[in-house]
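**Q** How does the following fold in three dimensions:
(2 chains)
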Amino acid sequence: MADTILVVVEQRQGKLNRVSWETLVAAQGIAAETGWPVQAAVVGNEVANIAGEIAAKKLNKVFALQSPRLEPYTPDAFIHALKQFIQTQKPKLVLMPHTYQVRDFAPRLATALERVLVSDGVGYKKEGEKLIFIRQMFQGKFVADVSFNCEPPWFVTFQNGAFRGDKVEAGSATAPVETVTADVPEGVVRNHPHETFKEAKQAVDLTQAEIIVAVGRGIKEQKNIEIAKQLAEALGGEIAASRPICDSGWLPMDRQIGSSGQTVAPKLYLALGISGAIQHIVGMKGARTIIAINKDSEAPIFEIADYAVVGNLFDIVPPLIEEIKKAKG
Amino acid sequence: MLIFRQPLPDISRPQMEADIVIVGGGPAGLACALRLSQLIDEYNARNPPTPLSKENIYVLEKARELGQHCLSGALLDPRSMRELLPGFENEAPIDATVSKEAVYFLTGNSKIKFPLTPPPLRDHGNYVISLNRFVKWLGGKVEAAGITVFTGFAGSELLVENDRVIGIRTDDKGVDKHNRPKANFDPGYDLKAKVVVLAEGSRGSLTKQLIGRFQLDRDRNPQTYGQGVKELWEMPAGRIAPGEIIYTMGWPLTSKEYGGAWIYGGKDNVVSLGFVTGLDYPDPRLDPHRVLQEFKRHPLVSKLLEGGKMMRYGAKSLPYGGWWAIPPVAGNGWMILGDSAGFLNSQRLKGIHLAIKSGMLAAETAFDSMLKDDYSEAALQHYMERVERSWIKEELWKARNFHQGFEQGLWHGLLHAGLQQITGGRGLHAKYASHSGHRRLRKLADLPADGGVRAHLLGNAKGDGKLTFDKLTDLYHSGTKHEEDQPAHLVIHDTNICNTRCVQEYGNPCQHFCPANVYEMVESGDTPMGKQISLNPSNCVHCKTCDIMDPYEIITWVPPEGGGGPNYDGM
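**A** Residues are numbered from 1 along each chain as shown, chains lettered A, B, ... in the order given. Next up is the predicted model:
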């Protein structure tokens, strides 16, 4: 059988996790260099809609791997179904987004097939005949090149923000969708998930936000958070903060960006009054465009900002909000 | 509003019975566990019908993994390890054997090499090690010997009944910022033990409770401390040989601060360098982290480091007080080991070998107690007798007056040290007195506003990002992580003192002596001086300096939720 790339996309309750597009972009890129065809698998129960959505992209085939036991998600059912499926399909390379769900099952899946997993990759390259994956080590301080030294299937997960999901290539024709019924016998699933909940109230997944307005200590007082909120609203983005703000309780902890908070890679990151200590930078350096507003022209945030605005944010932000509102009509 | 960690009242806690509980999985605690296991194995081989069990001997370690909170230069004097595990060199992780040494006295831009290495600093035959890797290795031995090590568990309270220590309580897990149980709340265990062995390292938090409760510091010199700040650098090949070591005295410190630097060449072009500043300096604005940064700007060091890359950072305190500051080390249900007791030779800048030896001697005592089922004060005090008869006493006795000699500054100190060298450690007095370091802090009103001759040591370092670093950047390289949603474990008993008195009298030295940016004074409209104390507890590297150096003695360091803290991998 020819070498193929299998992308396991992620859905939850019938909704595609948009980070899956990034993994497809990675797969299309690898395909362009290797000539290996790309296939995708959607795992769940009644996932035809999502399979259809994926099939519009440039790939060879989409599998809807289905079973009532695959909904809701359990690691046992996923591992059982995917193991069988991968043993049948024999892909060369299995790519997955590095989501919480994938982190939960992927190591066990790889182990069940007696393979290793290259987790949290940020890129790939081809050197001669060798396919190399790039992954970060030591909290992003180093990057390491790794390659597989074993028989396929090779398992790789890619970090959120490693590829641009909007660059996914559409197909010239819709790819065929094949429904595969997974055989998940009774007794396989030992976990019984209860209703999902988020511990923090109004928890927000900042990793999914395309625009983030983040505030730092330069905001001075809790009441000033309001103008940042207005800016976020005007831009249609989410509000976030550096550690001191969340630590003071001015914003909930799930809004914290940085080494002790979330790692994000939005299209636009607006840093208001954030000095840019390394602890914050590691959480947002993957943003595509960074605009920083800070009084201190020597603030380290300016070293990574695409647009640096030296000035008082209280002078700059209110007219900015007005202009954005005008521009948006 | 700052809310501080406190044991949750009125909750039922799981109880566990143990024979021996060792708090702290560093060199002392692990050596104690391993020696105990050896003695039990030997005994059981001789007495098969009545074997002793190791099942109820536990080591608790607050780090997520063994060794993660262990930091030192480090040079290992192999004496005690050769006693504990003859031939250990064949399998222990050792970077290099010391082959070349030099001592310099530095001035602002030049250096004077000591023609002879002073005897206490002669290190030929000692080993350059990473204490982190060494402890991981030693911990593997302990676990393989069948002793249970609980990592991620801190000893948070001593359990005392009728003047007898009957056990310890582990940390409550899953407590939120407001001291309320979270969904994942898991109460601390009450671990009842026949003997509690405290091997917590420098300024142990349970040791402090014990010393306070039984006034163990009576008739002793107060313990004094230094703060060591360390960076690990990767160097261009050939810059410094494995096993080459350098000590310096003098600059950037003035003659009124005690301290000095080390540079140790390890393997794979990795160099350990650091600076120990005595926590008895006069100017409250001095910043030990800044001292290291200034030190690196000296031509001797900057040339050495050029083209290198800083990889890791860490800081810890170390007890300097010596023999006269060691409290009683055994009592009713308890023993104290290693740095917690003050078994450190400040003259040789070494304590690992003494920590290991003290652990072995405590193990021998605990073993006797197991055999006789006698854990009384009288039985456990054999530990102190063993220390008195061992080479620990012999070595520390020679240095008994060393650090105290420097209380009047470097010149007096060198004079005293010279006299002590020729009088077997005595010097001018049989017992030199000492004072707690924080009492020597002077008020801002008595100091030059611009810092005078020590302006270059005051305030936090800015850093150029290549040779020198600001504190937050360095801190990032310590790998420090804590659960964020927990109460502050730096318990300030009265924050009004910070916001009103200290801000005027000392300028809040916590901002400077803390090597991890835990303490900050932020602008505030609510306090008379316009400034208010703010804490970043999740930055804490567990060095205990705040507990030691705060001039009002209002800070108590208690363990945060187990598992949190620095990650000194490779340090």
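**Q** Quick check: buried residues in stretch B:397-416?
**A** Within stretch B:397-416, the residues that count as buried by 16 or more other CB atoms under 10 Å in any protein chain shown are B:397-407, B:410, B:413-414, B:416. C-betas here are computed from N, CA, C, even on glycine.
**Q** Now do the domain split for chain B, please.
**A** Structural domains of chain B, as assigned by automatic domain parsing, span the residue ranges B:15-73+B:135-221+B:323-398, B:94-126+B:223-317, B:405-437, B:441-557.
**Q** Following element in sequence after the host helix or strand of A:Ala106, please.
**A** In the assignment (DSSP states H and E), A:Ala106 maps to helix A:100-112. Per DSSP H and E, the first helix or strand lying C-terminal to helix A:100-112 is strand A:117-127.
**Q** so what strands line up beside that next one?
**A** strand A:130-137 (antiparallel), strand A:154-158 (parallel) (DSSP bridges).
**Q** hmm, who's touching the longest one?
**A** Counting by CB atoms under 8 Å, 6 or more residues apart in numbering or on different chains, the neighbours of strand A:130-137 from elsewhere in the structure are A:30, A:34, A:93, A:118-126, A:142-148, A:156, A:159.
**Q** what do you get if the cut-off is 7 Å, keeping everything else the same?
**A** Around strand A:130-137, the neighbours that count as contacts under CB atoms under 7 Å, 6 or more residues apart in numbering or on different chains are A:34, A:118, A:120-125, A:143-147, A:156.
**Q** which bits of the stretch 401-550 of chain B sit near chain A?
**A** B:Leu472, B:Thr473, B:Tyr476, B:Lys481, B:Glu484, B:Asp485, B:Asn536, B:Ser538 (CB under 7 Å from any CB of the partner chain).
**Q** before we move on, the earlier item: farthest-apart pair in the buried residues of stretch B:397-416, please.
**A** Using CB to CB, the pair of the buried residues of stretch B:397-416 lying farthest apart is B:Trp397 and B:Leu410, separated by 23.9 Å.
**Q** low pLDDT regions in the chain?
**A** Answering for chain A, as no chain was given. A:1, A:138-141, A:198-203 (pLDDT under 70).
**Q** rewinding a little: return the member of the contacts of strand A:130-137 nearest to B:Asp287.
**A** Closest to B:Asp287 out of the contacts of strand A:130-137 is A:Val143 (33.4 Å), distances taken as CB to CB.
**Q** what's across from that closest one in the sheet?
**A** Here A:Val143, judged by DSSP bridges, has bridge partners A:Gln136.
**Q** ditto for A:Val310
**A** A:Asn294.
**Q** That one: neighbouring residues, count only.
**A** 14 (other CB atoms under 10 Å in any protein chain shown).
**Q** one step back: figure out which of the strands paired with strand A:117-127 is closest to B:Val160.
**A** strand A:130-137 (46.1 Å).
**Q** Output the closest one as CSV, nothing but the C-alphas.
**A** The C-alpha atoms that make up strand A:130-137 are tabulated as CSV, following Å, rounded to 0.1, in the frame of the first residue of the first chain:
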residue,chain,number,x,y,z
LYS,A,130,14.4,12.2,5.8
LEU,A,131,11.3,13.7,7.3
ILE,A,132,12.2,15.8,10.3
PHE,A,133,9.9,17.2,12.9
ILE,A,134,10.7,20.2,15.0
ARG,A,135,9.6,20.4,18.6
GLN,A,136,10.3,22.8,21.5
MET,A,137,12.1,21.8,24.6
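**Q** Which residues in it does the neighbour count mark as buried?
**A** For strand A:130-137, by 16+ other CB under 10 Å, it's A:Leu131, A:Ile132, A:Phe133, A:Arg135, A:Gln136.
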